[in-house]
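**Student:** Make a model of this:
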Amino acid sequence: MDHLILGIDVDGVVADFVDAYRYLCQHLVGKPLPERPACWDFPQAAGYTEAEVERVWAYIHANPEWWDTLRPLAGPLVWPGADVYYITARPRVPRTLSITESWVRRCVDPKARVLLAPDKGAAAKALRLTHYIDDRPENLLAVRKASKDTLVTLRRQPWNEGSPLFKDKAVAGLVGWPPPVVAEEE
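**Tutor:** Below you'll find the predicted structure:
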């Protein structure tokens with residue numbers, strides 16, 4: 001096997017964005033949300049207005065330390081001999097990158113390289129990724145379109161299982177995904 005260059009999405013793959021975002025929405029807006037969202041835009045599906053969703057995102061933009069409160073979904077993980085990039089579409093506001101890097105290194109991978117990249121396909125192509133994992137099927141299709149040799153896999157979550165892309169097998173699981181080595185606590 002050639003040298004592995006892995007791309008891993010952050011939110012929904014290694015960081016529990018949905019639970020923290022759900023809590024923040026309920027706290028700021030005061031409307032209930034489901035425990036296990038069945039779609040990506042779950043606040044809107046639950047009756048939140050665009051103005052209410054924008055209010056939550058305005059809070060996140062003004063308080064980038066919010067990203068440091070997310071619970072890890074995985075980690076600490078190590079892929080021996082692989083180059084690993086954690087690629088996130090988090091907003092490009094001051095301190096988001098440094099907070100995200102610190103969080104990923106502390107909670108998931110102490111040697112993490114983190115990139116803010118809203119276009120996952122362009123990032124995969126530029127980095128020459130051999131493998132990419134994401135919880136959003138649309139991102140996997142963008143990677144597959146921009147970087148045809150990159151193998152992709154979907155991190156199954158309740159909000160993506162209803163995706164027509166997932167149901168139609170447009171995003172296939174990948175063969176030979178190297179399992180990570182779970183690092184032992186020191």
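**Student:** need the contact list for the closest residue to Y132 other than its chain neighbours.
**Tutor:** Leaving aside its sequence neighbours, Y132 sits nearest to G7 (Cβ to Cβ, 6 or more residues apart in numbering; 4.1 Å). Bear in mind the C-beta positions are built from the backbone N, C-alpha and C, glycine included. Residues near G7 by Cβ atoms under 8 Å, 6 or more residues apart in numbering: 85, 87, 120, 123-124, 127, 129, 131-133, 143, 150.
**Student:** What mean pLDDT does the helix or strand hosting G7 get?
**Tutor:** Per DSSP states H and E: G7 is located in strand 5-9. Averaging pLDDT along strand 5-9 yields 94.
**Student:** sorry, back to before: report the beta-bridge partner residues of the residue nearest to Y132.
**Tutor:** Judged by DSSP bridges, the bridge partners of G7 are Y85, Y132.
**Student:** Could you check how many residues crowd around the residue lying closest to G162 once chain neighbours are set aside?
**Tutor:** Nearest non-adjacent residue to G162, counting by Cβ to Cβ, 6+ apart: A38, 5.7 Å away. Using other Cβ atoms under 10 Å, the number of residues around A38 comes to 12.
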